[in-house]
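Colleague: this one's sequence-less:
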């Protein structure tokens, strides 16, 4: 860090390289998320506010600036949930800066008091069992690339893992036995072990024997074309590639497939199979069961739609008689005082 750096620049540097990783033991993904949030703010300061970052001081990091940024950010199309995540990062940095610059505690505390905007519950996008099967089985396992893509899609669904958890998998995280498991590295450096199906275990075993001979235990399980660790964009490419191919033959297949669609699909299929919501929570790695309840609400909505679709088929009397034309009934009602 340049000795002529501002107190803001120094605080950002120590926040990201010392406080979060060493003092708070935050995961690399969380640190990168906070870094990207601060980069967005700096871009706003320079490009929108027209302030040279060399002139920006920690005293300028205040409530008004953050509120202005959030308003601008939402106008760029950011959803409330995303803006709230950015705000959480700003608050975390403000809390850290209070420790480094005690004289600025009062204005920095005002940032901590900014309220998040209520985010409306989002619709859960998921595939039916048939659609899931089409997607997972689309890659051609007779090619190296196709086999690797089949493994990636199968693991995304069968383990219900997050995309980053798939990217972080290594050879040593796979245990093939009578009851095969995969060890996932989740948020907050927490790990959980998930049982995988015999079919998935058989596919991975074949993949390891055919393509991974000689790899060290810490080698990434799923790689890109250059044999390096796959990233989120790479997983997104795989999903889009095969969903686009399916859509050519089946126009009803969803047009927008996001990286969590197989995770959501697994959760919904487990719920539909009658599996206890507490087990689903642990399976997905949720800390709070309220997060898992989004699938229950989605399931209840589907059940309501199914009931309404079924009702006309069972209850045939859709053309009920007009009670207002029953003069005896009308006379009786009019006689009531």
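Modeller: Cool, got the structure. All figures in this text were calculated on a predicted structure; none of them were measured in a lab.

Colleague: in the stretch 101-250 of the chain, what spans have low per-residue confidence?
Modeller: 119-123 (pLDDT under 70).

Colleague: please redo it, this time with the cut-off set to 80
Modeller: Counting by pLDDT under 80, the stretch 101-250 of the chain has low-confidence residues at 118-124, 187-189.

Colleague: can you give me the helices in it?
Modeller: With DSSP state H, counting those that start in this stretch as the criterion, the stretch 101-250 of the chain has helices at 105-112, 129-136, 144-158, 163-167, 198-211, 232-249.

Colleague: quick one: buried residues of the longest one?
Modeller: Just to be clear, that refers to helix 232-249. 234, 235, 238, 239, 242, 243, 246 (16 or more other CB atoms under 10 Å). Just so you know, the C-beta spots here come from the backbone N, C-alpha and C atoms, and that holds for glycine as well.

Colleague: Touching, the second one and residue 152? I think so.
Modeller: Yes: Residue 235 lies in contact with residue 152 (CB atoms under 8 Å); the separation is 6.5 Å.

Colleague: if I look at residue 268, how far off is residue 165?
Modeller: 19 Å (CB to CB, to the nearest Å).

Colleague: neighbour count winner among these two?
Modeller: Neighbour totals were compared for residue 268 and residue 165, and residue 165 leads with 25 against 22 (other CB atoms under 10 Å).

Colleague: wait, isn't that one in contact with residue 182?
Modeller: No: counting by CB under 8 Å, residue 165 sits too far from residue 182 to count as a contact (9.3 Å).

Colleague: residues touching residue 256, list them.
Modeller: residue 125 (CB atoms under 8 Å, 6 or more residues apart in numbering).

Colleague: burial of the residue lying closest to residue 198 once chain neighbours are set aside, as a residue count?
Modeller: Distances taken as CB to CB, 6 or more residues apart in numbering place residue 180 nearest to residue 198, at 7.3 Å, with adjacent residues excluded. Around residue 180 sit 18 other residues, with neighbours defined as other CB under 10 Å.

Colleague: For residue 180, list the residues it contacts.
Modeller: Applying CB under 8 Å, 6+ apart, the residues contacting residue 180 are 174, 195, 196, 198, 200, 201, 204.

Colleague: separation between the last one and residue 161?
Modeller: Put plainly, it is residue 204. From residue 204 to residue 161 the distance is 13 Å (CB to CB).

Colleague: what sits in contact with each of the two?
Modeller: residue 155.

Colleague: The two: which has the busier surroundings?
Modeller: Set side by side, residue 204 and residue 161 show more neighbours around residue 161, with 26 against 21, by other CB under 10 Å.

Colleague: can you list the domains in this protein?
Modeller: Domain assignment for the chain, taken from automatic domain parsing, gives 7-112, 129-309.

Colleague: in this structure, which spans are strands?
Modeller: 174-175, 181-185, 191-195 (DSSP state E).

Colleague: and these, which is most packed in?
Modeller: Stretch with highest mean neighbour count among the strands of the chain: strand 181-185 (a mean of 20; mean count of other CB atoms under 10 Å).

Colleague: so what strands line up beside that strand?
Modeller: Note on strand 181-185: by DSSP bridges, its sheet partners are strand 174-175 (antiparallel), strand 191-195 (antiparallel).
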